[in-house]
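[1] Here is a sequence with its predicted model. Questions after.
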Amino acid sequence: MSFPWAKEYTPKTGLTKYLDEKLPLPRLVYNAVGAGYPVPRNLSYMWNFGVLAGFCLMLQIVTGIVLAMHYAANADVAFASVEHIMRDVNWGWLMRYAHANGASFFFVVIYIHIFRGFFYASYKPPREMIWLLGVTIFLLMMATAFMGYVLPWGQMSFWGAKVITGLFGAIPFVGEPLQIWLLGGYAPDNAALNRFFSLHYLLPFVILGAVILHIWALHIPGSSNPTGVEVKQESDTVPFHPYYTAKDGFGLGVFLLIYFAFLFFLPNVLGHADNYIPANPLSTPALIVPEWYFYPFYAILRAFTFDFILPAKLWGVLAMFASILVWFFLPWLDRGPVRSGHYRPLFRKFFWFGLIPCMAALFYLGGAHAEEPYIMFSQIATAYYFLHFLVILPIISSIERPDPLPFSITEAVLGSDKQAVLGENAEPAAV
Amino acid sequence: MATTTGNPEVSEIAVEDGVRRRDFIEIAAVSAAGVGGLVMVMPLLSQMSPSADVLAESTTELDISALEVGQSIKAVFRKQPVFVRRLTQAEIDAANAVDVEDLRDPQTLAERTLPGNPNLLVVMGVCTHLGCVPLGAADGENKGEFGGYFCPCHGSHYDTAARIRKGPAPSNLEVPEYTVTDTMLVIG
């Protein structure tokens, strides 16, 4: 971290001095999440979700490795091996429910983390690389979660695999050969199950690597904050430890209470009962939908019901991928000079009354039956979704007049900041 | 942790009993998190122990009504071989002729069989050296220098009572817990 007032790590014992010389791992931790990382003093609980996401990743890796010790990736026995985990393996029920609900809670945390980024425009320079890495992590998470859901080899697993790989079949010319190549067959079977298991085990470690890059990139400009005003001086920051270890620890405790409420009392409420029926290639469930965290994108996929130059199926697939890929361009679509939504009245209105209801609608519609009026609502919500990012955001960020910003984080917190500072915003706001 | 708060306003607050509220909360919170973390380690370790379906295999029943003197059966108990043999009189005599005190693992044949069935020898087919399956239970296999079992891995010789006589194995072939009814042998 680059702030000149960051505390320096000073090893005290002989062992830590030796380590610091040969392998300065304690120094790395100290500077990354210890007292050596100065963090804006005004972070709200919305800034807890990065640490929570990291916790969820570790939770999924640990429980996943345990499950892999007992799971058999073979179409003949996969379903039975999951039941074996539930009934026979010591604490197997806990491990599986922790993993399945852990995936849902990982997505809850990551969605809040992403929408925090939307509201506070955390994607703006100098943090655009953090944002790009974050969207990449989200895409990797989606692939991992999808393949993990196939592994129990229940009805939803099988038909989910069939439908999602069918997306690739929409691509002109190469689509069908590509789909057959992905599955290793004409329908999901042993070959698909085995490769999904292999990749489901691999990708979390790729995510872990991307997370390390994400945090590395974060530590160059330092954390953003609710005012969007950059850190200017030492009084704008506090050391990460103990201030934010304590705050994150409290947030983790609240998170765990909610997570455990689901894990122990509602373990199946976020899943689909149909996935307790073994995969049957000859019978499709009445309502075939993905896990809840994919609903918005599934709604966008299904919104395209008419051919327009290209076939409807291809439009749906393109729109679904584009709905996430558009996030990559946010740092350049949002042209406003101010970051935080707290100081952007117009932006804020379109966030709370445009984007949020739109996403809520897409969440609902993705889980609904593919029939009227849901299809029409999906089409309206999809249209607004793309309008918001591609038209509304560039326009309002160009024309709106932001509210006056505080001179510094210190002023935002304490009400006044008498200290003279050189650089941008050098004139203190009238107090 | 508490020492890092260099805030005089906080550190100078005098509290009854000399315990600061902040220190108490910190110790309580870290202790709760630590105990909770340790409790979570238990399932993570326990999940590797034998699961319920493995434990359910811990009994093996065998019909031994057709087992004649001089014949052996190889059975499976907990996924490991068991040798069941009706000893011939010559084998019993050979086993009893040995001075027990001279053995590496002193046991008489009577100690290794059940009182009502002195000629029925039930032993695990697992060499006590490093766990190979000894030869000698099936016809034509090498029975070793003492007419019982011979482990081909590292050359342990067991006698007719399956006691270690020569080679690296430390103890006699293990006799599992079992009971015998008229026709059935129940191991485990």
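    The structure has been received and is ready for your questions. Residues are numbered from 1 along each chain as shown, chains lettered A, B, ... in the order given.
[2] ok, residues contacting stretch A:110-130?
    Contact partners of stretch A:110-130, identified using CB atoms under 8 Å, 6 or more residues apart in numbering or on different chains, comprise A:46-47, A:49-50, A:52-53, A:56, A:131, A:134, A:138, A:141, A:214, A:217-218, A:220-221, A:224, A:226, A:228, A:293, A:327, A:330-331, A:334, A:336, A:338-341, A:348, A:351, A:355-356, A:359. Just so you know, the C-beta spots here come from the backbone N, C-alpha and C atoms, and that holds for glycine as well.
[3] Select from these every entry located in helices.
    A:49-50, A:52-53, A:56, A:131, A:134, A:138, A:141, A:214, A:217-218, A:330-331, A:348, A:356, A:359 (DSSP state H).
[4] Just the buried ones from these?
    Taking 16 or more other CB atoms under 10 Å in any protein chain shown as the criterion, what is buried in these is A:49-50, A:52-53, A:56, A:131, A:134, A:138, A:141, A:214, A:217-218, A:330-331, A:348, A:359.
[5] among those, which are in reach of chain B?
    Contacts with chain B are made by none of those, judged by CB under 8 Å from any CB of the partner chain.
[6] From those, pick the one nearest B:Ile27.
    Proximity of those to B:Ile27 (CB to CB) peaks at A:Leu52, which lies at 24.1 Å.
[7] just checking, that closest one touches A:Phe107?
    No: assessed by CB atoms under 8 Å, A:Leu52 is found out of contact with A:Phe107, at 11.7 Å.
[8] And A:Val269, how far from chain B?
    A:Val269 sits 22 Å away from chain B, taking CB to the nearest CB, to the nearest Å as the criterion.
[9] which element is that residue on?
    Using DSSP states H and E, A:Val269 is not contained in any helix or strand.
[10] mind listing the strands for the stretch 1-150 of chain A?
    Counting by DSSP state E, counting those that start in this stretch, one finds strands in the stretch 1-150 of chain A at the ranges A:38-40.
[11] show me where pLDDT drops low in it?
    For the stretch 1-150 of chain A, the stretches flagged by pLDDT under 70 are A:1.
[12] what residues does it put near chain B?
    Within the stretch 1-150 of chain A, the positions near chain B by CB under 8 Å from any CB are A:35, A:62, A:66, A:69-70, A:84, A:87-92, A:94-95.
[13] neighbour-wise, which of these leads?
    The most crowded member of the residues of the stretch 1-150 of chain A next to chain B, judged by other CB atoms under 10 Å in any protein chain shown, is A:Val89 (27 neighbours).
[14] Quick check: closest non-adjacent residue to that residue.
    Using CB to CB, 6 or more residues apart in numbering or on different chains and skipping residues adjacent in sequence, the residue nearest A:Val89 is B:Ser51, 4.5 Å away.
[15] what does the average pLDDT come to for stretch A:405-415?
    Mean pLDDT, stretch A:405-415: 89.
[16] Over to stretch A:188-207?
    For stretch A:188-207, the mean pLDDT works out to 96.
[17] List the buried residues in that stretch.
    For stretch A:188-207, the neighbour count (16+ other CB under 10 Å) marks A:Pro188, A:Asp189, A:Ala192, A:Leu193, A:Phe196, A:Phe197, A:His200, A:Tyr201, A:Leu203, A:Pro204, A:Ile207 as buried.
[18] Please identify which of the residues you listed is nearest to A:Leu256.
    A:Pro204 (20.5 Å).
[19] Next one: that closest one from B:Gly140, what distance?
    Going from A:Pro204 to B:Gly140 by CB to CB, to the nearest Å gives 54 Å.
[20] For chain B, just list every one of the helices.
    B:8-11, B:21-46, B:52-55, B:89-96.
[21] Quick check: which of those is buried the most?
    Of all these, helix B:89-96 carries the top mean neighbour count, a mean of 16, counting by mean count of other CB atoms under 10 Å in any protein chain shown.
[22] Contacts for it, please.
    When contacts are defined by CB under 8 Å, 6+ apart, helix B:89-96 is touched by residues B:Leu87, B:Thr108, B:Leu109, B:Pro118, B:Asn119, B:Phe146, B:Gly147, B:Asp159, B:Thr160, B:Ala161, B:Arg163.
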